[in-house]
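Student: need a 3D model of the sequence below.
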Amino acid sequence: MASKSFIGNRSSLSISSDASESHKLPMPPTVTFARRTSLGQYVSYSRDDLESELGGSDFMNYTVHIPPTPDNQLMDPSISQKVEEQYVSNSLFTGGFNSVTRAHLMDKVTESEANHPQMAGAKGSSCAIPGCDANVMSDERGLDILPCECDFKICRDCYIDAVKTGGGICPGCKEPYKNTDLDETAVDNNSRPLPLPPPGTMSQMERRLSLMKSTKSALMRSQTGDFDHNRWLFETRGTYGYGNAIWPKDGNLRNGDDDDIVEPTELMSKPWRPLTRKLKIPAAILSPYRLLIFIRVVVLALFLEWRVTNPNKDAIWLWGMSVVCEIWFAFSWLLDQLPKLCPINRATDLNVLKEKFETPSPSNPTGKSDLPGIDVFVSTADPEKEPPLVTVNTILSILAADYPVEKLACYVSDDGGALLTFEAMAEAASFANIWVPFCLKREYDEFKVRINGLPDSIRRRSDAFHAREEIKAMKLQRQNRGDEPVESVKIPKATWMADGTHWPGTWLNSATEHSRGDHAGIIQVMLKPPSDEPLRGTADDGLIDLIDVDIRLPLLVYVSREKRPGYDHNKKAGAMNALVRASAIMSNGPFILNLDCDHYIYNSQAMREGMCFMMDRGGDRLCYVQFPQRFEGIDPSDRYANHNTVFFDVNMRALDGLMGPVYVGTGCLFRRIALYGFDPPRSKEHHTGCCSCCFGHGKKHSSMAHTPEENRALRMGDFDDEEMNFSLIPKRFGNSTFLIDSIPVAEFQGRPLADHPAVKNGRPPGALTIPRELLDASTVAEAISVISCWYEDKTEWGNRVGWIYGSVTEDVVTGYRMHNRGWKSVYCVTKRDAFRGTAPINLTDRLHQVLRWATGSVEIFFSRNNAFLASPRMKLLQRIAYLNVGIYPFTSIFLIVYCFLPALSLFSGQFIVQTLNVTFLAYLLIITVTLCMLAVLEIKWSGIELEEWWRNEQFWLIGGTSAHLAAVLQGLLKVIAGIEISFTLTSKSAGDDVDDEFADLYIVKWTSLMIPPITIMMVNLIAIAVGFSRTIYSVIPQWSRLLGGVFFSLWVLTHLYPFAKGLMGRRGRTPTIVFVWSGLIAITISLLWVAINPPAGTNQIGGSFQFP
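Tutor: Alright, predicted model coming up:
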């Protein structure tokens, strides 16, 4: 174990948004010497203290990575970078507010043996220097890098010391090192298109910026004044080039006029092949569907007019309540139905994607993948409610996805800072060596046992180390006190990692700076970035033949952001924003795939299908590609509409015909630039006003018609006349210049391929075939700083940039903000489900889930994200869809009243109309029939089943009478009294009955949300009994009023049937609801029998009724 500290980290690349700090000189890189005590604490030493401690066995001396300068050339740059990356992947980085960023070198991250060369803590040879137990340098296969011909084994730090202080002499043979030998044994530089410039002249991010061709970049001037990045954007020689055979040697495609771009003849003559296509709904279905909507709107208007002009004077109160409810129901239905006027389907062509991006061509002679990078985010917060096995299954599916491994990176956000999640990730990284190539079931069963046994393993290990520390403390106390009585020593019970050191995150027994809301930021590279060239397996790799199998794995990073008391960490949205910043510094994929920990990749080509939309013509204006959510473990009858197919297959397909579907929190492929709050390209050309809807386009904005595209690539303004103020960029994104410099790189790499003149704002073919930058310690240290709890202070993160704060449904708000700026989204429905996850099948958990969604909608309604306040860039029907998102919970108020009206009618003997005349029945029949016909047509064009539509209708009433009403009350309390809304995670664990997959379905867990539906059922059942009794035993029976009340009561009870069934639970193998309904039917039959065959001595049905 060793400690490496970074003080003043990347100070030369960091700027402050405060004017008072702008005059401070950057701190030079310094070296902190420290030793680690037995309790895991670090004690700093001065140089004088070090000289007296040189003989101590606990002392280790490490230096920070100082960028090489012309007078400090340590070794070949490619070798030094790969060795530095190896050090980074074996180190646990921690830090945060007012603390030193440390790199804790770990010899192992889990009890299991690491057997993949990319994995942190991978087993290797030990350094031969006396007193050093570090591992030697290794290559991509994990083979030792021996810098000297004598094959003397030496670690990275000892090698640096030998070069710096030992004159470059090998400690083994005492001969000078030969760098040419290092090149042959470690790295083949022929894979790089062009050699790197000297390290002293360009930083890592500056080399990234050299990939962009933009002499008129959006970030026109350097933020620090020290380096003009604009001059390096494809103006340098000797840096990475396009590797493009058809690209002119002068570096541009201009004909002398700065504004006129000339396309190469190869591109102009190439036939255009789109990556995606729209599949329109057949007119035989869509035209009647639209006609029925129009007819039903007219009938509803006439019916409401008739209801208002024909009151029930005998029960004016009953009539008034019913009319108000019916008007609101008509308005709510209209909000839900209007956005469904333009449904569409889409299809992708993966063969064209492969041909354009991964087939040898004049611009890409080697056929290397030209696809942009994707950073996959997986979020988890509580290993108890979100079992680690669920999370690692998602991670394994990502590592095995069919996407170029060198372009893929996976970041796991552990918002609980739990060692259990950390070690489960380490186990997954180790197991991926076998799982990814072949997915062996036997090995997976063993892996599952190890994951499930981690909690006990960590607890036993921590108890053992704690007992050892207590014994040491007792011995030390006896030595210091001599014969004096020894008191018991109290040592905080820490949680220990596999390498015998304290876990810097949350401990099992919470302590100061080690609790769920108080711990340091943590980053661990579990799997270092893969090599650029395929790494084929060998016969010696294990029991499985891996010959000709690429054994590389994507980059895998564990991230736990810093949390401290007194800071608002903004729940999941804050965790996602921390991942956005950390990933921008470490890999900077121009696209981000967001997955919940329980949603794994079911279709390995899902990312490729999403990339078809992003890389197609006009794809640069897409902010995200939303995939439908599909679930496993749902009971066959889908009692509580967990599949939610009406929303995902009807509503979302319909929105795809407008500006795009809403963001639903998971299974979404984002464009990074859209998350940063920028406007879409050509936003003013496409600005047509809110009334354009889908009925045509207005004229293009003349002021931007002749503006060069490079100046329009990155714009940030809520209004069309607002120009981007570059001096405000640090205030928007924070004081990390590394993060700011990554923005134009991500924008450029996310552009579609400019392989045809019709493609606007494209990038040249072959631009992304170069290798990615290697990780170094300073890069990860910078990532630690941007996940600290203070970084977002006085910035626009959560307000305009990234995931938006202030709502428990941050997903909907984030998507709304993007659409509000003019971005579009698409809905990608794949033949094989893209992702699959879990959903709560227990009634209580399901109600709490719906409560959280509805509460977020109420928050949206009372915030500035209300669709009433949308910008003119949002189309009218899209605005109506978002308006419905904020309004639908309020329907619960009217729904509950309407559910009680049948009971009130039966109790009072009155009805909502004066009499059941032909007019009322005709209106009722037409409204019902048109609703059923619309449902049938929706089933036709969406592909759902009738049972799924009916389950959705049932749960609409169940949720409307329970969770939605509670959400409205919570929202009103927040607005009026300022009471904050809290929610708990939905449990992903199954029931205790291992023999029954759906055991959780029958577990009854009481919640106050059940009170309104239970009351409605009881009142309606009693009302039916009272109504029958009054009618049967009355002198003049009023059958019309009875039938009206009973019909609507049965309508309510039929919708609440799944709720009643879940409330009864199960006794044995026969549900209790069977016995309940049997009793009710028996009572009803008995009453009818008494009416038909009265007791002896009674001559008529009417008369007084007496209980026996």
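Student: from now on I want contacts and neighbour counts done on CA atoms only, so please keep to that.
Tutor: Noted.
Student: what number of residues lie near Glu533?
Tutor: Other residues near Glu533 come to 12 when the count uses other C-alpha atoms under 10 Å.
Student: with Ala754 instead?
Tutor: By the other C-alpha under 10 Å criterion, the neighbourhood of Ala754 contains 19 residues.
Student: so what's it up against?
Tutor: 760-765 (C-alpha atoms under 8 Å, 6 or more residues apart in numbering).
Student: name the member of those with the most neighbours.
Tutor: The contacts of Ala754, ranked by neighbours (other C-alpha under 10 Å): first place Pro765, 25 neighbours.
Student: how much space separates Phe294 from Ala330?
Tutor: 13 Å (C-alpha to C-alpha, to the nearest Å).
Student: the more surrounded of the two?
Tutor: A count of neighbours by other C-alpha under 10 Å puts Ala330 above the other of Phe294 and Ala330, at 16 against 13.
Student: report the contact partners of the more buried one.
Tutor: Leu300.
Student: name the element it belongs to?
Tutor: Assigning secondary structure by DSSP states H and E places Ala330 in helix 316-337.
Student: the helix or strand just after that helix pairs with which strands, parallel or anti?
Tutor: Using DSSP H and E, the next helix or strand after helix 316-337 towards the C-terminus is strand 344-348. For strand 344-348, the pairing partners within the sheet under DSSP bridges are strand 276-280 (antiparallel).
Student: how about residues contacting the strand it pairs with?
Tutor: In this structure, residues lying in contact with strand 276-280 by C-alpha under 8 Å, 6+ apart are 343-349, 612-613, 616.
Student: try stretch 376-390
Tutor: Residues outside stretch 376-390 that contact it (C-alpha under 8 Å, 6+ apart) are 391, 395, 398, 408-418, 420-421, 424, 448, 451-452, 572, 575-576, 579, 592-598, 985-989.
Student: buried among these? Make that a ChimeraX selection.
Tutor: A single ChimeraX command selects the buried members of these (16 or more other C-alpha atoms under 10 Å):
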select :391,395,398,408,409,410,411,412,413,414,415,416,417,418,420,421,424,448,451,572,575,576,579,592,593,594,595,596,597,598,987,988
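Student: so which of the contacts of stretch 376-390 belong to strands?
Tutor: Cross-referencing the contacts of stretch 376-390 with the strands (criterion: DSSP state E) gives 408-414, 592-596 as the overlap.
Student: would a markdown table of those with pLDDT and distance to Ala428 be doable?
Tutor: Output for those, formatted as a markdown table (pLDDT from 0 to 100; distance: C-alpha to C-alpha, whole Å):
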| residue | pLDDT | distance to Ala428 |
| --- | --- | --- |
| Leu408 | 95 | 17 |
| Ala409 | 95 | 15 |
| Cys410 | 95 | 12 |
| Tyr411 | 96 | 13 |
| Val412 | 95 | 12 |
| Ser413 | 94 | 15 |
| Asp414 | 93 | 15 |
| Ile592 | 97 | 21 |
| Leu593 | 97 | 20 |
| Asn594 | 95 | 19 |
| Leu595 | 95 | 17 |
| Asp596 | 93 | 17 |
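Student: looking at the residues you listed, spot the one nearest Pro360.
Tutor: Sorting the ones in strands among the contacts of stretch 376-390 by how near they are to Pro360, with C-alpha to C-alpha, puts Leu408 at the top with 21.1 Å.
Student: who's in contact with Glu175?
Tutor: Ile169 are the contacts of Glu175 under C-alpha under 8 Å, 6+ apart.
Student: confidence score at it?
Tutor: Per-residue pLDDT puts Glu175 at 79.
Student: what do you get for the one 3 residues further on?
Tutor: According to the model's per-residue confidence, Lys178 sits at a pLDDT of 69.
Student: so where do the strands sit in the stretch 951-1100 of the chain?
Tutor: Counting by DSSP state E, counting those that start in this stretch, the segments of the stretch 951-1100 of the chain that form strands are 1066-1067, 1070-1071.
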